[in-house]
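K.L.:
any chance you could fold what I've pasted below:
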Amino acid sequence: MLKPAATPGDTSWFVHDRFGMFIHWGIYALAARHEWVKSYERINDEEYQKYFDHFDPDLYDPRQWAKIAREAGMKYFVITTKHHDGFCLWDTRYTDYKATNTPYGQDLLRPMIEAFRAEGLKVGLYHSLIDWHHPEFPIDIIHPLRDHPEALEWNKNRDITKYAEYLHNQTRELLTEYGKIDIIWFDYSYPHREYRGVKGKGRADWQSEKLIAMARELQPGIIVNNRLDLPAEYPADVTTPEQYQPTEWVTKNGEPVVWEACQTFSGSWGYHRDEASWKSPQQLVRMLVNTVSCGGNLLMNVGPTARGVFDFRAIQALETYRDWMKWHARSIYGCTQSEYSAPPDVRYTQNYETNRLYAHLFAWPFKHLHLPGLAGKVAYAQLLSDASEIRFHKRQEQSEHNNMAAATPEGALTLELPVAQPQSVVVPVVELFLE
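P.N.:
Alright, predicted model coming up:
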């Protein structure tokens, strides 16, 4: 069993709970064509202002969001307090570019945190290190004004240290005025990128060592992600692969780490009206299973609309998780990578405390499933969805007089499955009680 080294933050609950909700929400929801729309389309502040001026999420009900997340089996959430466009969801003292100054006129963050806490979820705050609205943030490779002919001249009057002070002040505000915060999710560093002679930004710009030290001082036990470009003496708690699926336990310098895959229902993080590559129910469930089978967490994103609701496609995706997790949650919570090697089209998760192994069947075989190395190691087996017994045998030879029996490979356990896959189960799971 692989086990990461102890982390400075408290990841004990994190590696047990395994499944969280990411929420990307801001005024870019009005554009409805990606949260990076300001950068992708090189939109200046004056043109982007129309989204601020018309932001009025009149249907916003964070209690409903929290209920949906809990029912989907999610145990924590992470909300974008501020994304790269600089718009703030809370009533910050350090800028007027905030929700309380929009037509909606109210703090969006506080009622959200309270609602999710009330449903039993832990609280995570995403906070962008980048800010395309702040006047002291130097124009660089990802800035909306990067191709403006005056960009380099404007940079001469921009002071990153003044922006860093703003960044630290807002972080302190978030970590002192909203009760216990379980995760701080900074995003992101890019020091090795360069454009028009201007380098990207990293730890020196954010003053990352001071920033993480402050976070740990203000919120003991807080989990900090790995996007601050930190030196080795300031370790992060969790590694965060994005928009790809690791096929093995994520490592750093050859050692396993606590990790969390962050993924989307479609190709966009913020609400995207016309984006069509929404994942199927099978993909969604398999993504969660694949992640846990490799020792990781899944942070699955939803981008609410500008009226403050989850799009119907997001609701359908969350209902997929709800319906599957209702019967299969114990193959996820408290589970990790198994010590056993699974056969093709099967993914194992294992709970070492309960001594149970979970075989997730990505393809339903005809009648027999051979599990290598498990002969003599299983006391009982059942379908997890309905606790119906799955019979098995350890070793059976074929002969010319025994043509209807499946030969079991040496050392394997053969499960005798029903011919038909259980109805309405996207990914069936066999629960194996180990000896």
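K.L.:
tell me the contacts of the spatially most central residue of the chain?
P.N.:
Centroid-nearest residue in the chain: L299, 1.6 Å away (criterion: C-alpha atoms, centre = their mean). Applying C-beta atoms under 8 Å, 6 or more residues apart in numbering, we find L299 in contact with 20-22, 78, 240, 260-263. C-betas here are computed from N, CA, C, even on glycine.
K.L.:
same thing with R273?
P.N.:
Counting by C-beta under 8 Å, 6+ apart, R273 has contacts 32-33.
K.L.:
tell me the domain ranges of the chain?
P.N.:
12-331, 346-434 (automatic domain parsing).
K.L.:
lowest-confidence stretch among those?
P.N.:
Mean pLDDT is lowest for domain 346-434 among the domains of the chain, at a mean of 90.
K.L.:
just how off-centre is that one within its chain?
P.N.:
The chain centre lies 31 Å from the centre of domain 346-434; the measure is C-alpha atoms, centre = their mean, to the nearest Å.
K.L.:
where strands are concerned, which of the contacts of L299 count?
P.N.:
Those of those mapping onto strands are 20-22, 78, 260-263, per DSSP state E.
K.L.:
before we move on, back to that, so which of the domains of the chain gets nearest A5?
P.N.:
Closest approach to A5 among the domains of the chain (C-beta to C-beta): domain 12-331, 6.7 Å.
K.L.:
figure out the length between the terminal residues of that closest one.
P.N.:
Start-to-end span of domain 12-331 (C-alpha to C-alpha, to the nearest Å) is 18 Å.
K.L.:
could you pull out the strands for the stretch 101-250 of the chain?
P.N.:
Taking DSSP state E, counting those that start in this stretch, the strands of the stretch 101-250 of the chain run over residues 122-128, 183-187, 194-195, 198-199, 223-224.
K.L.:
Serialize these to JSON lines and add fields for distance to R347.
P.N.:
JSON lines is the format used below for the strands of the stretch 101-250 of the chain (distance: least, C-beta to C-beta, whole Å):
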{"stretch": "strand 122-128", "distance to R347": "26"}
{"stretch": "strand 183-187", "distance to R347": "26"}
{"stretch": "strand 194-195", "distance to R347": "41"}
{"stretch": "strand 198-199", "distance to R347": "42"}
{"stretch": "strand 223-224", "distance to R347": "26"}
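K.L.:
could you export the ones you listed as a markdown table, including mean neighbour count and distance to I315?
P.N.:
A markdown table is the format used below for the strands of the stretch 101-250 of the chain (neighbours: other C-beta atoms under 10 Å; distance: least, C-beta to C-beta, whole Å):
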| stretch | mean neighbour count | distance to I315 |
| --- | --- | --- |
| strand 122-128 | 22 | 22 |
| strand 183-187 | 24 | 24 |
| strand 194-195 | 14 | 40 |
| strand 198-199 | 16 | 42 |
| strand 223-224 | 25 | 28 |
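K.L.:
just give me the neighbour total for K50.
P.N.:
Residues near K50, counting by other C-beta atoms under 10 Å, number 13.
K.L.:
which ones are touching it?
P.N.:
Applying C-beta under 8 Å, 6+ apart, the residues contacting K50 are L30.
K.L.:
helix or strand: which one has it?
P.N.:
K50 belongs to helix 45-53 when assigned by DSSP states H and E.
K.L.:
CA-only coordinates of that helix in PDB, if you can.
P.N.:
Backbone C-alpha positions of helix 45-53 (Å, rounded to 0.1, in the frame of the first residue of the first chain) are rendered in PDB as follows:
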ATOM      1  CA  ASP A  45     -11.800  46.900 -18.900                       C
ATOM      2  CA  GLU A  46     -14.200  49.300 -20.500                       C
ATOM      3  CA  GLU A  47     -15.700  46.600 -22.700                       C
ATOM      4  CA  TYR A  48     -15.800  44.000 -19.900                       C
ATOM      5  CA  GLN A  49     -17.600  46.500 -17.600                       C
ATOM      6  CA  LYS A  50     -21.000  45.600 -19.200                       C
ATOM      7  CA  TYR A  51     -20.900  42.200 -17.400                       C
ATOM      8  CA  PHE A  52     -20.300  43.900 -14.000                       C
ATOM      9  CA  ASP A  53     -23.100  46.400 -14.700                       C
END
